[in-house]
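Peer 1: what's the 3D shape of this:
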Amino acid sequence: MQQINIMMEDGEQKLCEIFGQYLNDNCVFLCVGCDKVFSDSLGPRVGTLINLFMKKPMFVYGVEGNCITAQNLLHCYNFVRALHKDKTLVVIDAAVGTAEQIGCVQVYNGGLEPGAATNKNLPCIGDVALVGIVGEKGLGDFYTTNLHKLKLVEKMASIISKGICNMPIFKES
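Peer 2: Just a heads-up that it's a prediction; the model follows:
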């Protein structure tokens with residue numbers, strides 16, 4: 001796992017470099033979350049922004065207005081795996097961590113367990129995981145609404161999506 005704080009001056013560039021170690025041009029993105037809850041909206045926001053910024057056509061599942069949530073995750077995951085058997089599945093989701101980790105993006109070689117912050121019992125999915133830490137574990141404020149959290153998620157989504165879209169492998173050739 002590699003981690004970077006998005007508040008760093010060169011956070012977007014560093015994130016792009018880290019992504020380069022894990023992503024390839026044979027990727028499919030599965031962006032998990034619910035756009036109706038600020039803390040959980042990172043995935044669909046990133047999916048929407050990837051579609052907006054990407055110069056090379058990519059498959060992106062889970063966007064604002066068409067979210068992949070705990071209720072439809074297994075169906076969507078099985079559909080994407082069946083449709084894209086030979087592609088690297090990159091899962092993007094929000095998570096909770098320590099107070100020091102808030103604002104960090106973690107990149108894992110391997111999948112993730114979506115819904116862990118809200119005690120959902122879902123299987124590990126994906127080949128590569130991009131996780132944005134949006135809140136502190138154990139505080140029970142994952143579903144609270146505040147402007148600070150919205151701004152954090154917006155900034156994270158912007159930096160993650162630009163970091164992906166600015167990778168040389170995803171630029172139009």
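Peer 1: Tell me which stretches of the protein form helices.
Peer 2: Counting by DSSP state H, the chain has helices at residues 11-22, 42-53, 73-83, 147-165.
Peer 1: Single out the most deeply packed of those helices.
Peer 2: Highest mean neighbour count among the helices of the chain (mean count of other CB atoms under 10 Å): helix 42-53, with a mean of 23. C-beta: built from backbone N, CA, C; applies to glycine.
Peer 1: Off-centre distance for that helix?
Peer 2: Between the centre of helix 42-53 and the centre of its chain there are 9 Å (CA atoms, centre = their mean, to the nearest Å).
Peer 1: And stretch 75-86, by the same measure?
Peer 2: With CA atoms, centre = their mean as the basis, the mean position of stretch 75-86 lies at 18 Å from the chain mean.
Peer 1: Other residues contacting it?
Peer 2: With contacts defined as CB atoms under 8 Å, 6 or more residues apart in numbering, stretch 75-86 is touched by 26, 28, 30, 59, 61-62, 68, 89, 125.
Peer 1: For those, could you give me JSON lines that also reports distance to Asn5?
Peer 2: Formatted as JSON lines, the contacts of stretch 75-86 follow (distance: CB to CB, whole Å):
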{"residue": "Asn26", "distance to Asn5": "29"}
{"residue": "Val28", "distance to Asn5": "27"}
{"residue": "Leu30", "distance to Asn5": "24"}
{"residue": "Phe59", "distance to Asn5": "29"}
{"residue": "Tyr61", "distance to Asn5": "28"}
{"residue": "Gly62", "distance to Asn5": "24"}
{"residue": "Ile68", "distance to Asn5": "26"}
{"residue": "Leu89", "distance to Asn5": "26"}
{"residue": "Ile125", "distance to Asn5": "26"}
